[in-house]
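Novice: turn this into a structure:
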Amino acid sequence: MHRKRFEVPNKLQGESLVRRELLQSYADRSQLRIMPDLNVVKIGGHGIIDFGRGVVEPLVKEIGELSQEHKMLIVTGGGVRVRHIMDIGLDLGMPTGVLAELAGKVSEQNAIMFSILLSPYHGVRIHQSDLLELPMLMDLGVLPVIHGTPPYGLYEPPTEFGGIPSFRTDTGAFLMAEVLGARSCILVKNVDGLFTSNPATSPDSELIPDITASKLLAMNMEDMVLEPKVVELLPYAHHIREIRIVNGHVPGNIARALNGKRIGTVIRAR
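Specialist: All right, here's what the predicted structure looks like:
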């Protein structure tokens, strides 16, 4: 007996959703910017939080004061405890998805601590399911803090090399900024920006103040201060067309970045 497929009339009726010409026909469609005045500021776990009170407290004060003038979403990284759990997990043969699940717990712990430190400035820890509530929360005067690990968890995509998850907290901050249509995405590290090589081990390394994603990928660098996945995804973003890296150990750098000053490194989509 011939059975006819049930269809609901629509422009994608009968499509596989993978046909190249179909996908290209939607390439120029604009997307809604939910929060075009939002600044996503990612605080590195390894580069900032792990340094403790001497670095964290001045940064908390700077962020708190800036939040009175700028709408900000604070995103936390993992740091040394992520490296510890990854080391154990890799040694025990844990799959990439399990490693991603474990790493997310650490950046979540940092979000809890950072939100408590920011409580005098109305800092509140939020969950990833709360992202679409941000317009309302901002109107209530909340300074939201969220952990940066993308919620792939056990569904983390396989990696090109080894098993360390590619989608970590830099990438999570970028993806949140993109879906919210944010004004900016700033990665706060413990170096002055992106260098030609690791400045901690190569004294002759040079700062790269401005570079496109394609040129950076073509350099095929051995090491970078940010996750390569961010650079790979940046050219495809609809809203976030650049990422800025600044040194959070220098007072006032976040303010300079928010106010459009030339500082650190800018990585551009094109």
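
Novice: strands along this protein, start to end?
Specialist: Residue ranges of the strands in the chain, as given by DSSP state E, are 38-43, 71-76, 123-125, 143-147, 184-189, 194-195, 207-208, 210-212, 242-247, 265-268.

Novice: now distance to Glu133 too, for the ones you listed, in TSV please.
Specialist: Glycine gets a C-beta too; all of them are placed from N, C-alpha and C. Listed next are those as TSV, based on distance: least, CB to CB, whole Å:
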stretch	distance to Glu133
strand 38-43	13
strand 71-76	12
strand 123-125	11
strand 143-147	9
strand 184-189	20
strand 194-195	34
strand 207-208	37
strand 210-212	35
strand 242-247	25
strand 265-268	30
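
Novice: which residues are in contact with the nearest residue to Ile85 once chain neighbours are set aside?
Specialist: In space, and not counting its chain neighbours, Ile85 is closest to Leu102: 4.9 Å by CB to CB, 6 or more residues apart in numbering. The contact partners of Leu102, taken as CB atoms under 8 Å, 6 or more residues apart in numbering, are 85-86, 89, 94.

Novice: how about the strands of the chain in CSV, adding distance to Leu175 and mean neighbour count?
Specialist: CSV is the format used below for those (distance: least, CB to CB, whole Å; neighbours: other CB atoms under 10 Å):
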stretch, distance to Leu175, mean neighbour count
strand 38-43, 10, 26
strand 71-76, 10, 26
strand 123-125, 19, 19
strand 143-147, 12, 26
strand 184-189, 10, 25
strand 194-195, 20, 23
strand 207-208, 23, 16
strand 210-212, 20, 16
strand 242-247, 12, 22
strand 265-268, 15, 20
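
Novice: and the least confident helix or strand in the chain by mean pLDDT, how far from the chain's centre?
Specialist: Here the helix or strand of the chain ranked lowest by mean pLDDT, DSSP states H and E is helix 20-25, holding a mean of 93. Distance of helix 20-25 from its chain centroid, counting by CA atoms, centre = their mean, to the nearest Å, is 28 Å.

Novice: over to stretch 66-83?
Specialist: 10 Å.

Novice: may I have that stretch as PDB, with CA atoms only?
Specialist: Output of stretch 66-83 as PDB, limited to C-alpha atoms (Å, rounded to 0.1, in the frame of the first residue of the first chain):
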ATOM      1  CA  LEU A  66      32.100  49.500  35.200                       C
ATOM      2  CA  SER A  67      28.800  47.600  35.500                       C
ATOM      3  CA  GLN A  68      27.200  50.900  36.600                       C
ATOM      4  CA  GLU A  69      27.800  52.300  33.100                       C
ATOM      5  CA  HIS A  70      28.000  49.200  30.800                       C
ATOM      6  CA  LYS A  71      25.800  46.200  30.400                       C
ATOM      7  CA  MET A  72      28.100  43.200  31.100                       C
ATOM      8  CA  LEU A  73      27.800  39.400  31.200                       C
ATOM      9  CA  ILE A  74      30.700  37.900  33.100                       C
ATOM     10  CA  VAL A  75      31.900  34.500  32.000                       C
ATOM     11  CA  THR A  76      34.300  32.400  34.000                       C
ATOM     12  CA  GLY A  77      36.900  29.900  32.900                       C
ATOM     13  CA  GLY A  78      38.200  26.800  34.700                       C
ATOM     14  CA  GLY A  79      41.900  27.000  35.300                       C
ATOM     15  CA  VAL A  80      44.300  24.700  37.100                       C
ATOM     16  CA  ARG A  81      41.600  22.400  38.400                       C
ATOM     17  CA  VAL A  82      40.400  21.700  34.800                       C
ATOM     18  CA  ARG A  83      44.000  20.700  34.000                       C
END
